[in-house]
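Student: sequence first, then the predicted structure, then my questions.
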Amino acid sequence: MAPTKTPAAPSSQNPVVSLWKAYNQQTPDRLKFIDAFLFFLMLSGIIQFAYCVLVTNYPYNAFLSGFASTVGQFVLAASLRSQVNPQNKNEFKEVSPERAFADFALGSIVLHFFVYNFLG
């Protein structure tokens, strides 16, 4: 006789569901806001790249500028997230959240200055 399958215990959940619940419970709102911005930047970069591949890349400088802006802004935002994360206080002892945001804002201004100049 074949062994019968026992139903899974209610405590064992889908790993994605348990990860999502832990993220919602343990992540501060400030980091969730930055994560939403990172997700938006990732989608924006994917859409730009797909448009370039599928439709056209005619103003190639425009594509490069937009894509570089998206990738650069993603890197700056990821850096901001790592600096304001409370779990990383030991690594960024001398950097306050206000200083991290000021660095992010200044880096964004410089990035967009170069992107604007690259457009021609």
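Tutor: Cool, got the structure. Fair warning: this is a prediction, and the values are worked out from it, not measured in the lab.
Student: residue nearest the centroid of this protein?
Tutor: Nearest to the mean C-alpha position of the chain, by C-alpha atoms, centre = their mean, lies residue 38 at 2.5 Å.
Student: tell me the confidence at it?
Tutor: Note on residue 38: pLDDT of 97.
Student: cool, residue 51 as well?
Tutor: For residue 51, the pLDDT comes out at 93.
Student: that one is in what secondary structure piece?
Tutor: With elements taken from DSSP states H and E, the one containing residue 51 is helix 29-54.
Student: now for that helix, which elements pack on it?
Tutor: The helices and strands touching helix 29-54, judged by 3 or more C-beta pairs under 8 Å, 6 or more residues apart in numbering; DSSP states H and E, are helix 60-84. (Each C-beta comes from the backbone N, C-alpha and C, glycine too.)
Student: the residue nearest to the centre of the chain is in contact with residue 79, isn't it?
Tutor: No. Counting by C-beta atoms under 8 Å, residue 38 does not reach residue 79; the two are 10.9 Å apart.
Student: let me see the contact set for the residue nearest to the centre of the chain.
Tutor: Shown in contact with residue 38 (C-beta atoms under 8 Å, 6 or more residues apart in numbering): 74, 77-78, 81.
Student: that one and residue 82, how far apart?
Tutor: Distance, residue 38 to residue 82, by C-beta to C-beta, to the nearest Å: 11 Å.
Student: based on its surroundings, how many neighbours for residue 89?
Tutor: Around residue 89 there are 11 other residues, counting by other C-beta atoms under 10 Å.
Student: so, low pLDDT: which residues of the protein?
Tutor: Within the chain, the stretches with pLDDT under 70 are 1-12, 120.
Student: if we use 90, what do you get?
Tutor: Applying pLDDT under 90 to the chain flags the ranges 1-13, 56-63, 93, 117-120.
Student: so residue 104 is in which element?
Tutor: Assigned by DSSP H and E, residue 104 belongs to helix 97-119.
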